[in-house]
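*Asks:* Sequence and predicted structure, then a few things I'm wondering about:
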Amino acid sequence: MTAVSLPVDLAVSQGEVTHSLRSALADIPPVPAGGLRAALHVEDSVMVPAALEWLHSRGLQGAFLHAEWDLERARAIASSAGCAAMLEGRVERDRFVWKWHRLEAGAADCWPDRTPGLLLLTSGSTGEPKRVFHPWQSLFESVAIRPALAGSCWMTLYPLSRFAGLNTLLHAWLNEAKLVIPSAFTSRALGDHMVRWQPTHLSGTPTLWRTILMQVPRSDDWCLRVRQITLGGETVDQAILDLLAGTFPNARLTHIYASTEAGVCLSVSDAKAGFPAVWLDDASRPVQLRLTDGELFVRRTGSRSRVLDQTADGWWPTRDRIQIDGGRAYFLGRDTDLLNIGGAKVAPAAVEACICEVEGVSAARVSGRKSSFAGTLVAAQVIAAAGSGHDELRGRIVRHCRAKLASYAVPRLIEFVTELPVSASGKLDRQGVS
Amino acid sequence: MTETLPAYRTLVKTIEAVLRERGDEPGAIGADTPMADTGLDSLDVAAVVVRMEEQLGFDPFTSGNITEFPRTVGDFAALYVAAQ
């Protein structure tokens, strides 16, 4: 696999990164017989492939730490996950710098045996992150290998230190494709990379797409050459699928539902939001799906990795809520995302999807706003497409939502903004505004 | 007269804006018009309070000194005048 990265006019081949890692590792003592567990703390996504390749080629087990953790937190989490060493990588003054840290390995029960693979960690925004071990083999299993993909050019809109980014990397890696890894994941840098490198296969969250599409010149020749767009990480609505289909008319649109805990659970390529309801309770699927009280549960045939919170018969609660409508199952988001509006439950994702159906809206974020007068109000922040008058657009949003949503779910406050808060993994940050 | 006060005019304009956004033509609104007859539901009224705060810089409902719920548009405006 080759990789290219920022600055936009400077291509970095993966060979350079790998060479820098080999020179750095030349100074450290050899890995003891029987292997060791190492943590990878790689700040810059462009250095991730070299670190993973090293781990994989040595047949080691590794804990894949999040890039945004500081060194102290990374060391503590690596230690408590039973790692005896940590490989740190980051770019310093345009140079790839690798450091090898010896650690006091704590006792950890998150490794089933000595099978080589990666320990992935959930975001752990509250308390300790959850740890889930994925053998390489099960990570590779979910990657479709197609001869036609060799030599194609992929681009990740996600940082590589999270599951969605890792999955994109594995697809490019196993298919011997080129991968564009931006050195920054701001909408400006992503848009610049896209136009500069003209990838044919792109992978990102709906939120990133909404903010980037404004920068993509429509009906550019490159848009016609894009063959595959993969969405994941958050709820995919019809509006973003239609927008992408309009911009990239020859691309296949796939949305993926996956999690750090359960891996890739389903993949939909019919350019429609949600998934066919007949997939639920279909025992022939590699990952089985079932609804209990409106919550999606998944189960893998042939248990692969240890998943926390699993029921005795192998079902794992995703905490994502599903609504069936016209033979289609739609994601409503998590229980913890639900807003309580005068006792009625409102799923912000459903309101965002409705707002995004309005012509002239690029992106929307819905959250609860505490009111001195009536508990919580549905509040929306909206990015308007260029050329839309705000007052006129606000009225069209209100009228569209009133026609399609229950009265309590209609956004009562609409604010126009130029940017929406995005988390480290490229997802819309939906924490309330007040 | 209440109807000449800036807070009152801001309130009526804000109520009318909320009605127009949803596609309703506002009827005649006077100081004696009951809030319930303006066409706004309680969530709309809460939104009007937030939008008034954005324009005037304060929210009389956060003070906790309100003993009687404002019935008319005039009562509502009076809370803003009293808190100014």
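*Replies:* Structure received.

*Asks:* A:Gln288: which element?
*Replies:* Per DSSP states H and E: A:Gln288 is located in strand A:287-292.

*Asks:* list the buried ones in that strand?
*Replies:* Neighbour counts over strand A:287-292 (16 or more other Cβ atoms under 10 Å in any protein chain shown) mark A:287-289, A:291 as buried. No exception for glycine: its C-beta is placed from N, CA and C like everyone else's.

*Asks:* quick one: least confident helix or strand in chain B?
*Replies:* Here the helix or strand of chain B ranked lowest by mean pLDDT, DSSP states H and E is helix B:73-83, holding a mean of 89.

*Asks:* Against chain A - does that helix have any residue that ends up touching it?
*Replies:* No. Between helix B:73-83 and chain A, judged by Cβ under 8 Å from any Cβ of the partner chain, nothing touches; the nearest distance is 10.7 Å.

*Asks:* what about that helix, distance to the chain center?
*Replies:* 8 Å (Cα atoms, centre = their mean, to the nearest Å).

*Asks:* Which strands or helices does it pack on?
*Replies:* helix B:6-21 (3 or more Cβ pairs under 8 Å, 6 or more residues apart in numbering or on different chains; DSSP states H and E).

*Asks:* could you point out which element follows the helix it packs on?
*Replies:* Counting by DSSP H and E, what follows helix B:6-21 is helix B:42-56.

*Asks:* how deep is B:Gly23 tucked in, by neighbour count?
*Replies:* 12 (other Cβ atoms under 10 Å in any protein chain shown).

*Asks:* and it, what is it in contact with?
*Replies:* Shown in contact with B:Gly23 (Cβ atoms under 8 Å, 6 or more residues apart in numbering or on different chains): A:395, A:398-399.

*Asks:* which one's the longest helix in chain A?
*Replies:* In chain A, assigned by DSSP state H, the helix with the most residues is helix A:390-404.

*Asks:* And that one, what does it pack against?
*Replies:* Applying 3+ Cβ pairs under 8 Å, 6+ apart, we find helix A:390-404 packed against helix A:348-356, strand A:376-384, strand A:413-416, helix B:6-21.

*Asks:* still on that earlier bit, looking at the buried residues of strand A:287-292, which is nearest chain B?
*Replies:* Set against chain B, the nearest of those by Cβ to the nearest Cβ is A:Leu291 (30.8 Å).

*Asks:* Let me know the pLDDT of A:Arg285.
*Replies:* The per-residue pLDDT reported for A:Arg285 equals 89.

*Asks:* And the one 10 residues further on, by the same measure?
*Replies:* Per-residue pLDDT puts A:Glu295 at 93.

*Asks:* And the residue nearest the centre of chain B, how far from chain A?
*Replies:* Nearest residue to the geometric centre of chain B (Cα atoms, centre = their mean): B:Leu11, 4.3 Å. Going from B:Leu11 to chain A by Cβ to the nearest Cβ, to the nearest Å gives 13 Å.

*Asks:* Show the contacting residues for that residue.
*Replies:* Listed by Cβ under 8 Å, 6+ apart, the contact set of B:Leu11 reads B:48, B:52, B:73, B:76-77, B:80.

*Asks:* now, among those residues, which is nearest to chain A?
*Replies:* Nearest member of the contacts of B:Leu11 to chain A, counting by Cβ to the nearest Cβ, is B:Val48, at 8.6 Å.

*Asks:* Provide a list of residues in contact with the closest one.
*Replies:* The contact partners of B:Val48, taken as Cβ under 8 Å, 6+ apart, are B:11, B:14-15, B:18, B:40.

*Asks:* what does chain B put close to chain A?
*Replies:* Counting by Cβ under 8 Å from any Cβ, chain B sits next to chain A at B:20-23, B:41-47, B:49-51, B:59, B:61-62.

*Asks:* if I've got this straight, A:Ala63 is in a helix?
*Replies:* No. Under DSSP: H, G, I helix; E, B strand; the rest coil, A:Ala63 sits outside any helix and is assigned strand.

*Asks:* A:Arg37 is in contact with that one, correct?
*Replies:* Yes. Here A:Ala63 reaches A:Arg37: they are 7.0 Å apart, a contact under Cβ atoms under 8 Å.

*Asks:* Touching both of those two, which residues are there?
*Replies:* With contacts taken as Cβ under 8 Å, 6+ apart, A:Ala63 and A:Arg37 have A:81, A:83 as neighbours in common.

*Asks:* how about A:Gln198, phi and psi?
*Replies:* Note on A:Gln198: its backbone torsions stand at phi 50, psi 60 [degrees, to the nearest 10].

*Asks:* Next, the contact list for it, please.
*Replies:* Shown in contact with A:Gln198 (Cβ under 8 Å, 6+ apart): A:153, A:222, A:225.

*Asks:* Please verify my assumption that A:Leu170 contacts A:Ser138.
*Replies:* No. Assessed by Cβ under 8 Å, A:Leu170 is found out of contact with A:Ser138, at 11.1 Å.

*Asks:* now chain A, which segments are flagged as low pLDDT?
*Replies:* Along chain A, the parts satisfying pLDDT under 70 run over A:1-13, A:27-35, A:123-127, A:218-219, A:301-312, A:431-434.

*Asks:* Centroid-wise, who is the farthest residue in it?
*Replies:* Using Cα atoms, centre = their mean, the residue of chain A lying farthest from its centre is A:Phe373. It sits 37.7 Å away.

*Asks:* give me every residue that touches that one.
*Replies:* For A:Phe373, the contact set (Cβ under 8 Å, 6+ apart) comprises B:42, B:45-46, B:49, B:61.

*Asks:* Can you report how many residues lie near the nearest residue to it once chain neighbours are set aside?
*Replies:* Of all residues not flanking A:Phe373 in the chain, B:Ala46 sits nearest, at 4.1 Å (Cβ to Cβ, 6 or more residues apart in numbering or on different chains). A count of nearby residues for B:Ala46, using other Cβ under 10 Å, gives 24.

*Asks:* Also B:Ala36?
*Replies:* Using other Cβ under 10 Å, B:Ala36 has 12 neighbouring residues.

*Asks:* same check, this time on the one 4 residues further on
*Replies:* B:Leu40 has 18 neighbours, counted by other Cβ under 10 Å.

*Asks:* how close does A:Gly327 sit to A:Leu40?
*Replies:* Counting by Cβ to Cβ, to the nearest Å, the gap from A:Gly327 to A:Leu40 is 44 Å.

*Asks:* what do you get for A:Arg210?
*Replies:* Distance, A:Arg210 to A:Leu40, using Cβ to Cβ: 31 Å.

*Asks:* quick one on the thing from earlier: now name the helix or strand holding the residue farthest from the centre of chain A.
*Replies:* A:Phe373 is part of no helix or strand when elements are defined by DSSP H and E.

*Asks:* Check the offset of the strand or helix carrying A:Ala172 from the chain's centre.
*Replies:* For A:Ala172, the host element (DSSP H and E) is helix A:163-174. Between the centre of helix A:163-174 and the centre of its host chain there is 11 Å, according to Cα atoms, centre = their mean.

*Asks:* Also stretch A:233-248?
*Replies:* Relative to its chain's centre, stretch A:233-248 lies at 15 Å (Cα atoms, centre = their mean).

*Asks:* Just the residues contacting it, thanks.
*Replies:* By Cβ under 8 Å, 6+ apart, stretch A:233-248 touches A:158, A:164, A:204-207, A:209-210, A:213, A:216, A:218, A:223-224, A:226, A:229, A:231, A:251, A:253, A:255, A:271-273, A:331-333, A:349, A:352-353, A:356-357, A:361, A:425-428.

*Asks:* quick revisit: out of the contacts of B:Gly23, who's the most crowded?
*Replies:* Highest neighbour count within the contacts of B:Gly23: A:Val398, with 22 neighbours (other Cβ under 10 Å).
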